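> Below is the sequence, then the predicted model.
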Amino acid sequence: MTPARITVVEGRKNIMLRNLNLQTRLIGAFLMMGLLVFLVAWVGWSSTSNLSQHIETIGKDNLPSIEALLKINEGQTQIESSERALINPGLTQAERQDALNRMDKAWQQIQDGFKAYEATTLTSEEDALYQQMLKYWEDWKQADQEFLRINQEFEKLGILNPLGLQIELINQGKSNSPEMATANTASNLLNKLSQQAKVIRVKFMISEKSTLAVADYNKKQADTAYQTAQNDISKTQVSVLLGMTVGPITAIILGIALSIVIAKPLDKALKGIINMIVSSSTEIAATIEQQERIAVQQAASVNQTTTTMDELGASSRQSAIQAESALENASHVLNMAAEGSKVVQKTQQGMLTLTEKVGAIAEQVLHLSQQTNQIANITNLVSDLANQTNMLAINATVEAVRAGEQGKGFGVVAREIRRLADQSKTSAAEINDLINDIQNAINKTVMVTDEGNTTLDNSLKLTEGTAQTFNHVANAINSVVVSSQQIYLNTKQQALAIEQVVDAMNALNKGAAESASGITQSRIGTQKLNQAALNLRYVV
């Protein structure tokens, strides 16, 4: 491969490596480390598993088999020794019984040995040796059973030393006596025991050789497993030493490679992100400061509006008091008109007074109309401020969305401002409706007041004439009473409505103050975020 082609291939590899994202690089690095650790662990586990299998073979099969076979052979040896003792004519009955007891214990030991051996795992070769051992062992067992049968016949005769008894009977001249015949039978049985003991000895030697062959096979298997275990231990040590040497070296190489491949691009990416955070937080801080100024202005406007509404409420209450006073005066004039023509002059004077009162009512109604127009203007201003606040809240929400995770808290504040602006707008609309009702009532009051003035003028002219005209004046005064009562009720309703407006403006004022406080807190948080980003940039 030419140098130019090698350069192109290396360039492509570098481009592919740069195209991989940070997560893929980290996953690949940890996969390489994990693969290395897995390989070392697998080698160690494999060697340990083989070693465990060999130890299990020795501990559960070979050693128990050898122990069981030696126990069988030991039991046969004890039986063979006891049988040789039984052919001794010099033994007492107690000594013979003791030999038989030892034989019973030896048989129990042999049975335990067979039980333990058959519980182990046998290979095919060992099973063949074991079957041959069982054949020789059965031959020895049959010979031993024959020996015990002959010994039972011998002991039934009750003559433990036949030769001594024969000599004694010959000396007594009883060679042909029944006792001599019994002694001869006992001597023959003793000779059979001796011959059977020789047969058993031969069969015992063959059975012992077969048993030891099986034990020797297990010993060879144990030696082989031990040697294999030693080899596995050596391999495990070499693998562990290799892993201890290659693992750290590979980890160091991979660490250096990862620092080159991951750390540098990560540092560059972090710097870009930090610069972006600093820029965004600066823009957000400027926007929040502007919104804070607007919120403070809005709070001041709402506070001024609240003050104006308080003044309007006080004026409305004064108008209600004056309307109530006019109602009382009109009632008093009506009572005076009932006295008749004798008090016409007093009635005329009352009419003049009533005219003045009605004029004052007209002036108050006109003043109330002007104040109602001012309230309408203020509510329009509040509605415009609510619309502007709503637009600012929408812009703040957009900026919060752009800010991402850092703008979530500011987004909540912007939504609260928008909600308060909507409530302000709704309250302003309700105030406008109430103002329209009040304006209609004032217009009616003006009309009634004009009619009252006209009626009073006519009444003054007609009072000097006839009692009939006086009656018309009394009817007109009655109409004034009714109208005054209506004026009083409308003015009282207007006062209640203005109190509701004042309460709404107080709530709006409180919300504006809370919005201004929330924006201030957001500004402080944004400044802290900006400072943290600057500190992070210095660290990186």
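Cool, got the structure.
> contacts, neighbours, all on C-alpha from now
Noted.
> So what's the residue count around Lys156?
The burial count assigned to Lys156 is 11, neighbours taken as other CA atoms under 10 Å.
> Quick check: the gap between it and Glu179.
Counting by CA to CA, to the nearest Å, the gap from Lys156 to Glu179 is 14 Å.
> what do you get for Ser65?
53 Å.
> And the two? Which one has more around it.
Ser65 (27 against 14).
> For the helix or strand encompassing the more buried one, which helices and strands make contact with it?
In this assignment (DSSP states H and E), Ser65 forms part of helix 63-86. Secondary-structure packing of helix 63-86 (3 or more CA pairs under 8 Å, 6 or more residues apart in numbering; DSSP states H and E): helix 93-118, helix 178-258.
> Export only the CA atoms of it, formatted as CSV.
The C-alpha atoms that make up helix 63-86 are tabulated as CSV, following Å, rounded to 0.1, in the frame of the first residue of the first chain:
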residue,chain,number,x,y,z
LEU,A,63,-10.9,-41.3,47.7
PRO,A,64,-14.3,-42.7,48.9
SER,A,65,-13.9,-45.6,46.5
ILE,A,66,-10.4,-46.4,47.8
GLU,A,67,-11.6,-46.0,51.4
ALA,A,68,-14.6,-48.3,50.8
LEU,A,69,-12.4,-51.0,49.0
LEU,A,70,-9.9,-50.9,51.8
LYS,A,71,-12.7,-51.3,54.3
ILE,A,72,-13.9,-54.4,52.4
ASN,A,73,-10.4,-55.8,52.2
GLU,A,74,-9.9,-55.2,55.9
GLY,A,75,-13.2,-57.0,56.7
GLN,A,76,-12.1,-60.0,54.7
THR,A,77,-8.7,-60.0,56.4
GLN,A,78,-10.4,-60.0,59.8
ILE,A,79,-12.7,-62.9,58.8
GLU,A,80,-9.8,-64.9,57.4
SER,A,81,-7.9,-64.3,60.6
SER,A,82,-10.9,-65.4,62.8
GLU,A,83,-11.3,-68.5,60.7
ARG,A,84,-7.7,-69.5,61.2
ALA,A,85,-8.2,-69.1,64.9
LEU,A,86,-11.3,-71.3,64.8
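> Tell me what angle that helix forms with helix 178-258.
When axes from the mean of the first three to the mean of the last three CA atoms, to 10 degrees is applied, the directions of helix 63-86 and helix 178-258 differ by 170 degrees.
> buried ones in helix 63-86?
Along helix 63-86, the positions that meet the burial threshold by neighbour count (16 or more other CA atoms under 10 Å) are 63-66, 68-86.
> Strands of the chain, start to end?
Remark: no strands are assigned in the chain by DSSP state E.
> can you give me the helices in it?
Listed in chain order, the helices of the chain (DSSP state H) span 3-19, 22-57, 63-86, 93-118, 124-157, 162-171, 178-258, 264-337, 344-403, 408-463, 467-539.
> Mind pulling up the pLDDT for Gln298?
Per-residue confidence at Gln298 stands at 64 (pLDDT).
> can you check Val199 too?
In the predicted model, Val199 carries a pLDDT score of 90.
> Quick check: Asp450 vs Ala338, distance?
When distance is defined by CA to CA, Asp450 is 24 Å away from Ala338.
> And Ala94, by the same measure?
Taking CA to CA as the measure, Ala94 falls 163 Å from Ala338.
> likewise Ile375?
Spatial separation of Ile375 from Ala338 under the definition CA to CA is 43 Å.
> what about these two, which has more around it?
Using other CA under 10 Å as the criterion, Ile375 and Ala338 rank with Ile375 on top: 20 against 13.
> now that one: how far from Gln97?
136 Å.
> Please save the CA atoms from stretch 373-386 in PDB.
Written as PDB, here are the backbone C-alpha positions of stretch 373-386 (Å, rounded to 0.1, in the frame of the first residue of the first chain):
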ATOM      1  CA  ASN A 373     -66.600  59.700  32.400                       C
ATOM      2  CA  GLN A 374     -63.300  59.800  34.300                       C
ATOM      3  CA  ILE A 375     -64.000  56.300  35.600                       C
ATOM      4  CA  ALA A 376     -64.700  55.100  32.000                       C
ATOM      5  CA  ASN A 377     -61.400  56.600  30.900                       C
ATOM      6  CA  ILE A 378     -59.500  55.000  33.700                       C
ATOM      7  CA  THR A 379     -61.100  51.600  33.000                       C
ATOM      8  CA  ASN A 380     -60.200  52.000  29.300                       C
ATOM      9  CA  LEU A 381     -56.600  52.700  30.500                       C
ATOM     10  CA  VAL A 382     -56.700  49.600  32.700                       C
ATOM     11  CA  SER A 383     -58.000  47.500  29.800                       C
ATOM     12  CA  ASP A 384     -55.100  48.800  27.600                       C
ATOM     13  CA  LEU A 385     -52.600  48.100  30.300                       C
ATOM     14  CA  ALA A 386     -54.100  44.600  30.700                       C
END
